[in-house]
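Asks: Below are the sequence and a predicted model for it; my questions follow.
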Amino acid sequence: MIRLLPNYAGEQTVYLTLQDGARNYTYTNYLIKLVNQVTKAAFYFVAVTDFDNPRYTAVTLRTDTEDTNNVLLTKPGFYVYEVYVQNSSTNLDPSNAIAKVEQGLLQVLDTAISTAPATNPGTWFAYTD
């Protein structure tokens, strides 16, 4: 399952297998739609891919800002994600995309970053299940 930290200013990387579903299409970008399973609120962003090969696609995003390539996620919970292929780097409307190539479940954790004690400077991530 994909997990993200809410309202996190740093970059987070999500690994997907998008080329398998997208191999029959000519495209340049991925549009990602997230839908909260409880509130039904929808969020959209165009993926910034660090790697995109037949084995995996690495998507980098921030969850503390809302723009074309990032998404503001403040509510923990489960979200359905849908990935569409498209030729636009700015389109956020799935009806204008070429096709949906993947769908799955994503969890936004309810635990944010915790700071380690001052005797051991740095930060660490606390994940809860």
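Replies: Yep, that arrived. Numbers count the residues shown, from 1 in each chain.
Asks: Within the helices and strands, which one has residue 90?
Replies: No secondary structure element spans residue 90, as it lies outside all helices and strands (assigned by DSSP states H and E).
Asks: what's the nearest residue to it if we skip its chain neighbours?
Replies: For residue 90, ignoring the flanking residues on the chain, the nearest one in space by CB to CB, 6 or more residues apart in numbering is residue 68 at 5.6 Å. For every residue, glycine as well, the C-beta is placed using N, CA and C.
Asks: what about the one you found, distance to residue 1?
Replies: Note on residue 68: its distance to residue 1, by CB to CB, to the nearest Å, is 26 Å.
Asks: Residue 13 reaches residue 60, doesn't it?
Replies: Yes: taking CB atoms under 8 Å as the contact criterion, residue 13 and residue 60 are neighbours in contact, 5.2 Å apart.
Asks: The two - which one has more neighbours?
Replies: Under the criterion of other CB atoms under 10 Å, the comparison of residue 13 against residue 60 puts residue 60 first, with 15 against 12.
Asks: gap between the more buried one and residue 70?
Replies: Spatial separation of residue 60 from residue 70 under the definition CB to CB is 9 Å.
Asks: just checking, what packs against whatever helix or strand residue 78 lives in?
Replies: Here residue 78 sits within strand 77-86, counting by DSSP H and E. In this structure, strand 77-86 makes packing contacts with strand 29-36, strand 99-108, judged by 3 or more CB pairs under 8 Å, 6 or more residues apart in numbering; DSSP states H and E.
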